[in-house]
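>>> only geometry, no sequence info:
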């Protein structure tokens, strides 16, 4: 049965809005960090978030999706409330290391163009390395998994090679490849290739023998057997490997960019850490987290769409 749409008054009457009111009330407390000159930026950010929450609550009519969204927003509000109390209002942490949220949001606006350029650079590197890994790992995994004996042996080899951190290959990449961007692409490729290969082989090996025997009894061509039986049945495990590869790719990307790159989100954090600018360090960390979260969200949407036959 399909879930009934929620009435509008129930969609708007959510507990997360209480946290927004609490944040507004906190603004009346005196500042203890020499007066926070950028408090208006935090207030503007929270107001924009609240308006978006109300608009999206109007648009999302199904309860499960709305519950997930407002719960996430509730955590964001709680985080900003705690951050404000610990810094601008309470001065419980050192302001030079942990600036108030308004200071960080002001820096985000001032550095917005630079941040967008770095995001574009990082996403370009991830796209090149990750897509290359998918193009090579999935067909190879299907081929190796086709044979039970060969697939079992290759699974252990893949596990051994995937246990080696790709960052250890950076010195060889610097020596052999022409640019550091190509080195970063190599690191992303190695980080993604082995999880995707292992997931593909695992998916093929887990296809039930009865299904394959039934398909063979119908005299299906090997290509039809591969693309219409084995590949769809292996997709859940393939996506598990793709998810692992995508998550590890961003971790290693920022690590690689912090070593020798001249652009990218990892370079942004490393550059300002050398300068002792903790405001932009926190900003860079937040941007990395948001970019990864958005990428994983859309990847999961794609996964649910392609695996909708499992519902």
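Done, it's in. Note that the coordinates shown come from a computational prediction; the quantities given were computed from them, not determined experimentally.
>>> Specify the residue ranges that define each domain of this structure.
Using automatic domain parsing, the domains assigned to the chain come out as 8-102, 112-310.
>>> okay, those domains, which one's buried deepest?
Across the domains of the chain, the average number of neighbours (mean count of other C-beta atoms under 10 Å) peaks for domain 112-310, which reaches a mean of 17. In short, each C-beta sits where N, CA and C put it, glycine included.
>>> what mean pLDDT would you report for that one?
Mean per-residue pLDDT for domain 112-310: 85.
>>> distance between that domain and the chain's centre?
Averaging C-alpha positions (C-alpha atoms, centre = their mean, to the nearest Å) puts domain 112-310 12 Å from its chain's average.
>>> cool, and stretch 108-122?
In terms of C-alpha atoms, centre = their mean, the centre of stretch 108-122 is found 17 Å from the chain centre.
>>> Show me what it is in contact with.
Here stretch 108-122 makes contact (C-beta atoms under 8 Å, 6 or more residues apart in numbering) with 41, 253-254, 257, 263-268, 280, 283, 287, 291.
>>> Also stretch 226-240?
Applying C-beta under 8 Å, 6+ apart, the contact partners of stretch 226-240 are 138, 141-142, 145-146, 196, 199-200, 202-204, 206-208, 211-212, 215, 220, 303, 306-307, 309-310.
>>> Please flag which of these sit within helices.
Within these, residues falling in helices by DSSP state H are 138, 141-142, 145-146, 196, 199-200, 202-204, 211-212, 215, 303, 306.
>>> I'd like the next helix or strand past whichever strand or helix holds residue 51.
Using DSSP states H and E, residue 51 sits in helix 39-59. Using DSSP H and E, the helix or strand that follows helix 39-59 in sequence is helix 63-84.
>>> what's the average pLDDT for that next one?
pLDDT averaged over helix 63-84 gives 88.
>>> got the angle for that helix vs helix 39-59?
170 degrees (axes from the mean of the first three to the mean of the last three C-alpha atoms, to 10 degrees).
>>> For residue 199, list the residues it contacts.
141, 237-242, 244.
>>> in what helix or strand does the nearest residue to residue 202 once chain neighbours are set aside lie?
Distances taken as C-beta to C-beta, 6 or more residues apart in numbering place residue 237 nearest to residue 202, at 4.8 Å, with adjacent residues excluded. Secondary-structure element containing residue 237, defined by DSSP H and E: helix 231-260.
>>> Just want the angle from the very next helix or strand once past that helix to helix 231-260.
Scanning forward in sequence from helix 231-260 by DSSP H and E, the next helix or strand is helix 265-274. Counting by the same axes, to 10 degrees, helix 265-274 lies at 30 degrees to helix 231-260.
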